[in-house]
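S.K.: Need coordinates for the below:
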Amino acid sequence: MHQSVLGISRFIIASMTVVWSSTTPASANDDDDFTLKDGALIVTAITRSHQESDFQSYKRILKAHPDRQIQYSSDVTSGYWNLTISENAVAEAARYWPYFLNNTTYQSSTALSVSRGIWDKINDAGSADFTLYIAENEELFCSGQLLKRDKGVLELIFDDVVRPIPVIYADLQGTASEKENGATLGDCNASLAILDNRANPVILRLEANSAGRHEPSSLSVTVVRIESGGPIKERLLDALSKGERAPLYGIHFDFGEATIRPDSAPVLEAIAELLQENPRLALSLEGHTDWIGDDAWNQDLSERRALAVMSNLVQSFGVDAARLDAVGFGKSRPIAGSDQTTLVGRAINRRVEVVAIQ
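M.R.: Next comes the predicted model:
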């Protein structure tokens with residue numbers, strides 16, 4: 001039987017979410033957790049008017065300041081794209097671009113967040129002139145007044161823990177126009193939930209609707225997870241040393257597949273380092289899915305994903321296979337209280353976890 005230096009005889013990567021109980025956190029301006037660092041990752045679920053289901057995008061912040069350099073990939077793109085939001089745009093831009101073009105520097109539009117200038121205006125004056133691009137390739141945009149509605153909280157996965165995040169709610173009422181010829185197409189509107197943090201006013205939720213030339217256009221963007229860029233191994237070790245289950249949401253797979261995405265490397269490296277530093281630890285990998293799809297399909301997917309993590313640790317990091325087990329539970333063990341009718345609720349249940357057992 002394996003024994004660990006943590007006083008626990010065996011570890012399992014299994015499923016649990018630790019929920020922060022407070023629902024009225026202090027402003028994010030007072031919480032360094034919400035100031036994204038180099039290496040931070042933002043995972044977003046996106047639905048467009050011409051798509052039946054959502055897809056996920058992954059934005060890694062290669063450099064946070066003064067320019068913002070981002071590496072982008074998604075379920076519907078091939079490879080990785082790189083873009084830069086200039087320092088001036090981060091500070092003052094009144095336009096927001098939810099789409100990404102490879103090897104592009106944006107001088108007057110932000111991505112991921114509104115600018116600090118917009119955050120200041122809606123906080124101080126309650127409104128700001130604002131333009132939102134709705135269709136790809138700048139084909140359609142909505143311009144008008146962004147009006148502050150109120151403040152509140154949104155729950156999302158932050159550093160592998162479900163947390164209530166302080167936000168500013170704002171609404172955009174405007175006119176839809178085509179970029180190419182400026183033709184006015186009709187009314188447009190959007191609702192935004194913006195991280196209440198001047199240094200990082202990330203748009204955590206966006207629902208936009210607009211008149212179009214041929215048919216209405218809509219866009220839904222929901223941030224489901226943020227990895228701040230802080231240490232992963234220490235969080236994992238801390239949870240396990242307390243006898244808690246440690247969720248590992250940072251292991252990403254291709255949509256509906258067991259292929260591990262390259263942006264999962266930091267989490268896998270942290271697991272391998274933990275095993276190396278604690279040679280008497282043994283881990284069993286447990287995969288879980290959300291409720292979409294039938295039982296048999298999800299069961300098979302969860303098993304293949306757990307085995308894929310095990311294989312990666314053995315082949316890429318030299319972990320002894322005898323120290324690893326893998327098991328899948330499909331959708332049979334949903335997180336208590338999670339609402340799988342929402343994008344965040346489904347993301348909470350797609351996970352790989354660690355738990356200590358005798």
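S.K.: so who does Pro279 touch?
M.R.: Not one residue lies near Pro279 by CB atoms under 8 Å, 6 or more residues apart in numbering. Bear in mind the C-beta positions are built from the backbone N, C-alpha and C, glycine included.
S.K.: Now it, what are its backbone angles?
M.R.: Note on Pro279: backbone dihedrals following degrees, to the nearest 10 are phi -70, psi -10.
S.K.: Give the buried residues for the helix or strand where Ser143 lies.
M.R.: Here Ser143 is covered by strand 140-158, with elements defined by DSSP states H and E. Neighbour-count burial for strand 140-158, with 16 or more other CB atoms under 10 Å as criterion, is recorded at 140-144, 146, 148, 153-158.
S.K.: Return the list of strands paired to it, each annotated with direction.
M.R.: Sheet pairing here is set by DSSP bridges, and for strand 140-158 it gives strand 127-133 (antiparallel), strand 161-178 (antiparallel), strand 217-227 (parallel).
S.K.: So Ser316 belongs to a strand, correct?
M.R.: No - judged by DSSP: H, G, I helix; E, B strand; the rest coil, Ser316 forms no part of a strand; its state is helix.
S.K.: That one: how many residues sit nearby?
M.R.: Neighbour count of Ser316, defined by other CB atoms under 10 Å: 13.
S.K.: which residues touch it?
M.R.: Leu268.
S.K.: got a pLDDT number for it?
M.R.: On the pLDDT scale, Ser316 is placed at 96.
S.K.: what do you get for Ser4?
M.R.: According to the predicted model, the pLDDT of Ser4 comes to 34.
S.K.: Likewise for Glu277?
M.R.: The pLDDT attached to Glu277 in the predicted structure is 92.
S.K.: Distance check, it against Lys233.
M.R.: Between Glu277 and Lys233 the computed distance is 8 Å (CB to CB, to the nearest Å).
S.K.: Run the chain-centre distance for the strand holding Ser143.
M.R.: For strand 140-158, the distance between its averaged C-alpha position and the chain's averaged C-alpha position is 17 Å (CA atoms, centre = their mean, to the nearest Å).
S.K.: again with stretch 285-292
M.R.: Its chain's C-alpha centre lies 18 Å from the corresponding centre of stretch 285-292 when counted by CA atoms, centre = their mean.
S.K.: Now do it: everything it contacts.
M.R.: Counting by CB under 8 Å, 6+ apart, residues outside stretch 285-292 touching it are 12-15, 298, 301-307, 309-310, 324-331, 333-334, 340, 345-347, 349-353, 355.
S.K.: Show me which of the residues you listed are buried.
M.R.: Here, 16+ other CB under 10 Å leaves 12-15, 298, 301-307, 309-310, 324-331, 333-334, 340, 345-347, 349-353, 355 buried among those.
S.K.: So the residue lying closest to Ile232 once chain neighbours are set aside, which state does it fall into?
M.R.: Of all residues beyond its chain neighbours, the one nearest Ile232 is Ala270 (4.1 Å), with distances taken as CB to CB, 6 or more residues apart in numbering. Secondary structure, three-state DSSP: Ala270 is helix.
S.K.: ditto for Asp238
M.R.: For Asp238, the reduced secondary structure class is helix; criterion used: three-state DSSP.
S.K.: how deep is Asn200 tucked in, by neighbour count?
M.R.: Neighbour count for Asn200, taken as other CB under 10 Å: 24.
S.K.: Which parts of the protein belong to which domain?
M.R.: Residue ranges of the domains in the chain are recorded as 10-16+231-357, 37-227, according to automatic domain parsing.
S.K.: Can you get me the start-to-end distance on the last one?
M.R.: Its first and final residues considered, domain 37-227 spans 9 Å by CA to CA, to the nearest Å.
S.K.: which one of the buried residues of strand 140-158 is nearest Trp97?
M.R.: Closest approach to Trp97 among those (CB to CB): Phe141, at 9.3 Å.
S.K.: ok, so what distance separates that closest one from Ala89?
M.R.: Between Phe141 and Ala89 the distance, using CB to CB, works out to 16 Å.
S.K.: what do you get for Thr289?
M.R.: For Thr289, the distance to Ala89 equals 39 Å [CB to CB].
S.K.: got it, and Asn278?
M.R.: Distance of Asn278 to Ala89, given as CB to CB: 45 Å.
S.K.: neighbour count winner among these two?
M.R.: With other CB under 10 Å as the criterion, Asn278 and Ala89 differ in neighbour count, and Ala89 comes out ahead with 23 against 15.
S.K.: quick one: the more buried one is in a strand?
M.R.: No - counting by three-state DSSP, Ala89 is not found in a strand; it is helix.
S.K.: which residues does it contact?
M.R.: Neighbour list for Ala89: 106-110, 115 [criterion: CB under 8 Å, 6+ apart].
S.K.: can you redo these as JSON lines with distance to Arg60, neighbour count and secondary structure?
M.R.: Supplementary listing: the contacts of Ala89 in JSON lines, determined by distance: CB to CB, whole Å; neighbours: other CB atoms under 10 Å; DSSP: H, G, I helix; E, B strand; the rest coil:
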{"residue": "Tyr106", "distance to Arg60": "17", "neighbour count": "22", "secondary structure": "strand"}
{"residue": "Gln107", "distance to Arg60": "22", "neighbour count": "12", "secondary structure": "coil"}
{"residue": "Ser108", "distance to Arg60": "23", "neighbour count": "15", "secondary structure": "coil"}
{"residue": "Ser109", "distance to Arg60": "19", "neighbour count": "19", "secondary structure": "coil"}
{"residue": "Thr110", "distance to Arg60": "17", "neighbour count": "26", "secondary structure": "strand"}
{"residue": "Ser115", "distance to Arg60": "21", "neighbour count": "24", "secondary structure": "coil"}
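S.K.: Perfect, that will be all.
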